[in-house]
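no FASTA, just this:
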């Protein structure tokens, strides 16, 4: 078990599962440990991470495996809004990942530089659930 402060791997996205006999969903954190290694961990109410053993070589594969692994626990990801590329904002945007939402909402203008795309981006319409989770994580770091 590691604490949030000790974990230096990049937090990419957040999922939630509903465990039996628990009222609140349990958060699952998807971290990028290396360029081609993504790993899920479970976050306790005390903000301690426990490795789930579920690893993948890509983001897409990590999400696919999580859906399969936790289908009986109603796995879902947080709605982190839509990412728009700038300078000309695309019309529809794409689903944003947690780290993209955090980078955008942490900046007063909302604009951040996305290294993957090589463009400035903006995230809008994140759910209250995702924003509240981000704020609770930020206060723990």
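Received it, and whenever you're ready, just let me know what you need. Bear in mind that the values here come from a model prediction, so they are computed numbers and not experimental data.

Surely residue 70 touches residue 16?
No. In this structure residue 70 lies outside contact range of residue 16 using CB atoms under 8 Å: 9.3 Å. Just so you know, the C-beta spots here come from the backbone N, C-alpha and C atoms, and that holds for glycine as well.

intersection of neighbour lists for those two?
residue 28 (CB atoms under 8 Å, 6 or more residues apart in numbering).

Give me the neighbour count for residue 109.
When neighbours are defined as other CB atoms under 10 Å, residue 109 has 8 of them.

Check it and give its pLDDT.
Here, the pLDDT recorded for residue 109 equals 95.

and it, what element?
Using DSSP states H and E, residue 109 falls within no helix or strand.

ok, now which ones touch the closest residue to residue 130 other than its chain neighbours?
In space, and not counting its chain neighbours, residue 130 is closest to residue 78: 4.2 Å by CB to CB, 6 or more residues apart in numbering. Residue 78 makes contact with 13, 14, 15, 16, 98, 127, 129, 130, 133, according to CB under 8 Å, 6+ apart.

ok, these vs residue 38, which is closest?
Distance to residue 38 across those (CB to CB) is lowest for residue 13, with 9.2 Å.

A helix includes residue 103, no?
Yes. Per DSSP: H, G, I helix; E, B strand; the rest coil, residue 103 lies within a helix segment.

Enumerate every residue touching it.
112, 114, 123.

Show only the entries of those residues found in strands.
Taking DSSP state E as the definition of strands, these contribute 112, 114, 123.

Tell me the one of those residues nearest residue 93?
Taking these together and measuring to residue 93 by CB to CB, the closest member is residue 123, at 8.3 Å.

what about the spatially closest residue to the closest one that is not a sequence neighbour, how many neighbours?
Nearest residue to residue 123 in three dimensions, chain neighbours excluded: residue 104, at 3.6 Å (CB to CB, 6+ apart). A count of neighbours around residue 104, defined by other CB under 10 Å, yields 23.
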